[in-house]
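**Q** Fold the following for me, if possible:
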Amino acid sequence: MDHDATGISQVGTAGPDAAAFAALAPDAPARDRCRLFGIEWLDALPAAEPAAVARIAPDVAVRLRAVPLRVEGGRLVVAMVDPLDIGAVDEAAALCRLPVVRVGMEPALFSELMRATYGTTAARMAESLAEDSELSGGEVEHNLDAIEADDVHRMAEQPTLINLVNLVILEAIQNRTSDIHIEPFETELKVKYRIDGVLVEQPSPPKHLQPALIGRVKIMAHMNIAERYVPQDGHITLRFEGRKVDIRVSTVPTVYGESIVMRILDKSSLPLDLTSLGMREHMRGMMDRMIQKPHGMVLVTGPTGSGKTTTLYACLNKLYDPRKKIITIEDPVEYELSGINQIPVNPKRGLTFATGLRAILRQDPDVIFVGEVRDNETVDIAIRSALTGHLLFTTLHTNDSISSVGRLVDMGAEPFLIASVLEGLLAQRLGRRLCKECVTRAPMTEELAARISPEERALFRDGVAFGKGCEKCNGSGFRGRLGFYEIARINARLREGISKNRTTLELRGLVDADFATMRDDGMAKAAAGMTTIDEVLRATQDIDDS
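**A** Now for the predicted structure:
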């Protein structure tokens with residue numbers, strides 16, 4: 001049946017059997033759904049003709065998840081992951097000015113086709129732009145201050161430059177990148193992706209593209225393109241493979257131009273349960289008991305980028321119940337959570353953590369999440385909120401769980417009030433997770449054995465795990481991240497010690513017998529083959545030293 005009377009897009013060669021379609025489960029495989037519409041399904045890698053491939057730009061092909069294969073009988077044959085995505089079909093047909101015939105493929109086979117057809121698209125495109133005089137203005141301009149804003153705007157609107165920036169972003173999303181760094185230096189412009197917490201350098205675009213490339217990002221993020229000497233913040237929203245991806249953009253002026261960092265907030269990659277985050281079963285039980293309390297305060301501590309917010313999102317997701325009012329105040333709201341009221345901090349308009357928290361208390365909440373306690377006023381209101389029948393989650397920047405008590409006292413909180421409201425303390429770090437496809441074991445080297453204690457060495461009788469590197473993990477041996485945790489339950493002894501303002505060292509002696517440090521947790525995970533000893537030491541060495 002034809003989707004459009006104009007013949008622009010074609011649903012299939014045969015109409016679906018209505019009864020069979022109604023009987024098909026909503027989560028039925030794409031192959032079965034396509035069969036009902038008479039859409040061909042490919043099980044082998046097809047050949048793509050260059051003339052057909054040229055009809056759809058690489059960044060558009062990535063976004064639509066569609067690769068043109070050939071022109072046949074006046075129609076464009078397009079391979080797709082989801083041939084029933086009518087919006088993508090119509091866009092491809094409109095771009096190519098040809099009716100489209102779709103064929104379906106499994107995602108893994110389609111990814112292989114995409115790589116074979118377009119290759120390392122961003123790198124290849126940057127190479128082709130290296131000699132583009134239209135974008136460089138002829139000679140390379142080393143004095144970036146001399147380039148007028150109008151010229152930057154003109155260069156940033158060139159279709160090839162737009163495609164290059166789009167591809168840099170889309171390839172980053174495909175590679176599970178958390179941040180894109182664009183760094184200007186005297187003779188080069190570096191692009192780096194932060195993958196699993198580690199920066200990986202990408203092929204560098206030509207230096208003369210710097211003004212246009214940075215200008216294009218600023219246009220997309222709705223920034224002032226003419227302002228180059230003041231830090232700016234912006235926001236980009238785009239759709240990738242049928243889902244919304246938010247990108248937070250930050251620019252700062254450096255000696256050789258503006259440095260840009262784009263934080264990719266992809267909700268589909270956010271694990272919203274503690275098991276996926278790597279928390280072991282007995283710790284999950286401890287967390288469950290803490291977050292089920294009717295009131296009190298639960299603190300999650302660690303440095304910036306240690307996954308504190310993600311852990312608390314997982315807790316809120318577990319707590320969600322239509323009968324409960326859950327409100328968050330965050331700076332900024334990183335991910336939108338269904339059924340939860342989320343407030344972004346806006347200091348320019350007078351909405352700080354303290355003023356927002358006061359307003360939240362008038363909203364009759366059951367559960368409150370404060371993104372971070374940064375000052376005396378916020379700590380005071382947070383503690384009083386927990387005292388008056390609310391369950392409050394918040395984060396703090398401290399090295400370990402127990403030292404957060406001293407940090408609260410430093411911020412002006414009374415020890416007896418802290419002892420009254422605290423229900424639990426969680427500290428965490430992030431390490432890289434070994435790739436499941438290429439993990440293997442080998443005997444421990446003497447050098448590695450010398451870096452850990454005899455008790456820890458006893459855990460590795462079967463050898464140490466490491467990743468050999470494969471296509472799935474891009475040869476790194478790692479894929480994804482997991483947390484190293486320590487949880488301190490507030491027992492009667494700890495509560496008394498806190499109220500008497502005992503030192504951090506004294507409080508550590510009052511924790512439960514089953515208390516395990518982040519390093520203990522990490523070593524147990526390394527012994528289980530989930531990560532490496534090096535990763536555990538890298539993430540937890542500062543705690544061990546302190």
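**Q** how about stretch 196-208 as PDB, C-alpha atoms only?
**A** Output in PDB follows, covering the C-alpha atoms of stretch 196-208 (Å, rounded to 0.1, in the frame of the first residue of the first chain):
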ATOM      1  CA  ASP A 196      34.300   5.300  29.600                       C
ATOM      2  CA  GLY A 197      35.900   8.200  31.600                       C
ATOM      3  CA  VAL A 198      39.100   8.400  29.400                       C
ATOM      4  CA  LEU A 199      39.900  11.000  26.700                       C
ATOM      5  CA  VAL A 200      40.500   9.400  23.300                       C
ATOM      6  CA  GLU A 201      42.000  11.700  20.600                       C
ATOM      7  CA  GLN A 202      40.300  11.700  17.200                       C
ATOM      8  CA  PRO A 203      41.700  12.700  13.800                       C
ATOM      9  CA  SER A 204      42.200  16.500  14.000                       C
ATOM     10  CA  PRO A 205      40.400  18.800  11.600                       C
ATOM     11  CA  PRO A 206      42.600  21.400   9.800                       C
ATOM     12  CA  LYS A 207      43.500  24.400  11.900                       C
ATOM     13  CA  HIS A 208      42.000  26.800   9.400                       C
END
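**Q** gap between that stretch and the chain center?
**A** Relative to its chain's centre, stretch 196-208 lies at 18 Å (C-alpha atoms, centre = their mean, to the nearest Å).
**Q** Likewise for stretch 207-222?
**A** When C-alpha coordinates are averaged (C-alpha atoms, centre = their mean), stretch 207-222 and its chain have centres 23 Å apart.
**Q** quick one, which residue of this structure lies the farthest from its center?
**A** Residue farthest from the centre of the chain, counting by C-alpha atoms, centre = their mean, is Gly73 at 43.9 Å.
**Q** Please enumerate the helices of the stretch 251-400 of the chain.
**A** 281-291, 308-319, 353-361, 376-387 (DSSP state H, counting those that start in this stretch).
**Q** got the buried residues for the shortest one?
**A** If I follow you right, that is helix 353-361. Phe353, Ala354, Thr355, Gly356, Leu357, Ile360 (16 or more other C-beta atoms under 10 Å). Just so you know, the C-beta spots here come from the backbone N, C-alpha and C atoms, and that holds for glycine as well.
**Q** Output the contacting helices and strands for that helix.
**A** Secondary-structure packing of helix 353-361 (3 or more C-beta pairs under 8 Å, 6 or more residues apart in numbering; DSSP states H and E): strand 326-330, strand 367-370, helix 376-387.
**Q** Pull the residues that contact that helix.
**A** Helix 353-361 has contacts (C-beta atoms under 8 Å, 6 or more residues apart in numbering) with 327, 329, 331, 343, 345, 368, 370-375, 377-378, 381-382, 385, 388, 390.
**Q** ok, the residue farthest from the centre of the chain to Glu91 distance?
**A** Gly73 sits 22 Å away from Glu91, going by C-beta to C-beta, to the nearest Å.
**Q** and what of Ser268?
**A** 21 Å.
**Q** Rounded mean pLDDT for stretch 341-351, please.
**A** If you average the pLDDT over stretch 341-351, you get 92.
**Q** mind exporting it as PDB, just the C-alpha atoms?
**A** What follows is stretch 341-351, C-alpha atoms only, in PDB (Å, rounded to 0.1, in the frame of the first residue of the first chain):
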ATOM      1  CA  ASN A 341       8.900  17.200  39.400                       C
ATOM      2  CA  GLN A 342      12.400  18.600  38.500                       C
ATOM      3  CA  ILE A 343      13.400  22.200  39.100                       C
ATOM      4  CA  PRO A 344      16.500  23.700  37.400                       C
ATOM      5  CA  VAL A 345      18.600  26.100  39.500                       C
ATOM      6  CA  ASN A 346      18.600  29.700  38.000                       C
ATOM      7  CA  PRO A 347      20.800  32.000  40.100                       C
ATOM      8  CA  LYS A 348      20.400  34.900  37.600                       C
ATOM      9  CA  ARG A 349      16.700  35.000  38.500                       C
ATOM     10  CA  GLY A 350      17.200  34.400  42.200                       C
ATOM     11  CA  LEU A 351      16.500  30.600  42.200                       C
END
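**Q** in that stretch, what's buried?
**A** Residues Gln342, Ile343, Val345, Leu351 are the ones in stretch 341-351 that count as buried (16+ other C-beta under 10 Å).
**Q** Show me those that map onto strands.
**A** Among the buried residues of stretch 341-351, DSSP state E puts Gln342, Ile343 in strands.
**Q** Including distance to Arg479, could the buried residues of stretch 341-351 go into a markdown table?
**A** Putting the buried residues of stretch 341-351 into a markdown table (distance: C-beta to C-beta, whole Å) gives the following:
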| residue | distance to Arg479 |
| --- | --- |
| Gln342 | 30 |
| Ile343 | 35 |
| Val345 | 34 |
| Leu351 | 39 |
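**Q** Which of the buried residues of stretch 341-351 sits closest to Ala47?
**A** Nearest to Ala47 among the buried residues of stretch 341-351: Gln342, at 48.5 Å, using C-beta to C-beta.
**Q** Show me the shaky parts of the stretch 1-150 of the chain.
**A** 1-28, 119-150 (pLDDT under 70).
**Q** For it, which segments count as helices?
**A** Assigned by DSSP H, counting those that start in this stretch, the helices in the stretch 1-150 of the chain fall at 18-23, 30-36, 50-53, 58-64, 86-96, 107-118, 121-129, 133-136, 149-156.
**Q** just how off-centre is the second one within its chain?
**A** For helix 30-36, the separation from the chain centroid amounts to 32 Å (computed by C-alpha atoms, centre = their mean).
**Q** other SSEs contacting that helix?
**A** Secondary-structure packing of helix 30-36 (3+ C-beta pairs under 8 Å, 6+ apart): strand 40-41, strand 100-104.
**Q** Pick the most deeply packed of those strands.
**A** strand 100-104 (a mean of 23; mean count of other C-beta atoms under 10 Å).
**Q** now the angle from that one to helix 86-96?
**A** Using axes from the mean of the first three to the mean of the last three C-alpha atoms, to 10 degrees, the inter-axis angle of strand 100-104 relative to helix 86-96 is 130 degrees.
**Q** Against which helices or strands is strand 100-104 packed?
**A** Judged by 3+ C-beta pairs under 8 Å, 6+ apart, the packing partners of strand 100-104 are helix 30-36, strand 40-41, strand 75-80, helix 86-96.
**Q** out of those, deepest packed?
**A** Here the criterion is mean neighbour count by mean count of other C-beta under 10 Å, and of the helices and strands packed on strand 100-104 the winner is strand 75-80, at a mean of 22.
**Q** Tell me which other helices or strands it touches.
**A** Using 3+ C-beta pairs under 8 Å, 6+ apart: strand 75-80 touches strand 66-72, helix 86-96, strand 100-104, helix 107-118.
**Q** which other residues reach the longest one?
**A** Just to be clear, that refers to helix 107-118. Here helix 107-118 makes contact (C-beta under 8 Å, 6+ apart) with 42-46, 48, 53, 58, 61-62, 65, 67, 79-81, 105, 124.
**Q** Output the longest helix belonging to this structure.
**A** Looking across the chain with DSSP state H, the single longest helix is helix 159-174.
**Q** mind putting the helices and strands packed on strand 75-80 in CSV, distance to Ile452 included?
**A** CSV is the format used below for the helices and strands packed on strand 75-80 (distance: least, C-beta to C-beta, whole Å):
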stretch, distance to Ile452
strand 66-72, 49
helix 86-96, 52
strand 100-104, 51
helix 107-118, 39
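**Q** Ok, which of those comes nearest Arg239?
**A** helix 86-96 (9.6 Å).
**Q** does the nearest residue to Arg451 once chain neighbours are set aside belong to a helix or a strand, and which?
**A** With sequence-adjacent residues excluded and distances taken as C-beta to C-beta, 6 or more residues apart in numbering, Arg451 is closest to Leu537, at 6.4 Å. For Leu537, the host element (DSSP states H and E) is helix 533-545.
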